[in-house]
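Engineer: here are the coordinates; sequence isn't available:
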């Protein structure tokens, strides 16, 4: 059951799996898993910028409603990510426009960043208005061949296993070459605010 659970977690979008006679079957697509890295879903601007006191908070923003669509056509797998940003400011006496930077990174194998795009969300506050919202979008592309498991690895993962067989109780993901192949073919599309080192430390310690 542990192998089945891990396969489902790595499968990306539109997947399912079940145990059959002690074996594992899985429907796996190359669509990357979409998420927000820890500590990057919120941003805080201070005035003055060098301060991190609560009394110096100028604008806060939070990323929410992250959604994705995945298109598998041709040699590329394209993931389009959309999200909303809800912001709040402290001073409301005058109208104001605020730009908050964000990124989308395509990560392979849980650690290797293979592509990154940076954009910004534009928020407008009317005079007297403390809150503002906006939407943003970004896309990432994954090569289909890189996200496809080799045939021999797929066969080892999905082969039917019967009780009593020598490998029936062996989790195929404990085999180093199988685990490495699954990791190489696993991609994530991660979106979050493009934070400075100080902003990231603030999010981690507040």
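Structural biologist: Right, received. Where do you want to start? Note that the structure is a prediction, hence the values are computed from the model and not measured.
Engineer: any chance you could map the strands in the protein?
Structural biologist: Secondary structure of the chain by DSSP state E: the strands cover 16-20, 23-27, 33-35, 42-46, 57-73, 76-89, 96-108, 112-125, 131-143, 187-193.
Engineer: Pick the most deeply packed of those.
Structural biologist: strand 187-193 (a mean of 24; mean count of other CB atoms under 10 Å). C-betas here are computed from N, CA, C, even on glycine.
Engineer: what packs against that one?
Structural biologist: Helices and strands touching strand 187-193, by 3 or more CB pairs under 8 Å, 6 or more residues apart in numbering; DSSP states H and E, are strand 33-35, strand 57-73, strand 76-89, strand 96-108, strand 131-143.
Engineer: same thing but 6 Å
Structural biologist: Judged by 3 or more CB pairs under 6 Å, 6 or more residues apart in numbering; DSSP states H and E, strand 187-193 is in contact with strand 33-35, strand 76-89, strand 96-108.
Engineer: Tell me what angle the last one forms with strand 131-143.
Structural biologist: I take that to be strand 96-108. Compare the direction of strand 96-108 with that of strand 131-143 by axes from the mean of the first three to the mean of the last three CA atoms, to 10 degrees and you get 20 degrees.
Engineer: Note down every partner strand of strand 96-108 and its orientation.
Structural biologist: strand 112-125 (antiparallel), strand 187-193 (antiparallel) (DSSP bridges).
Engineer: Can you pull out the residues in contact with the first one?
Structural biologist: It refers to strand 112-125. Applying CB atoms under 6 Å, 6 or more residues apart in numbering, the set of residues contacting strand 112-125 from outside is 85, 87, 89, 96-108, 132, 134, 136, 138, 194.
Engineer: Fine by me, we can end here.
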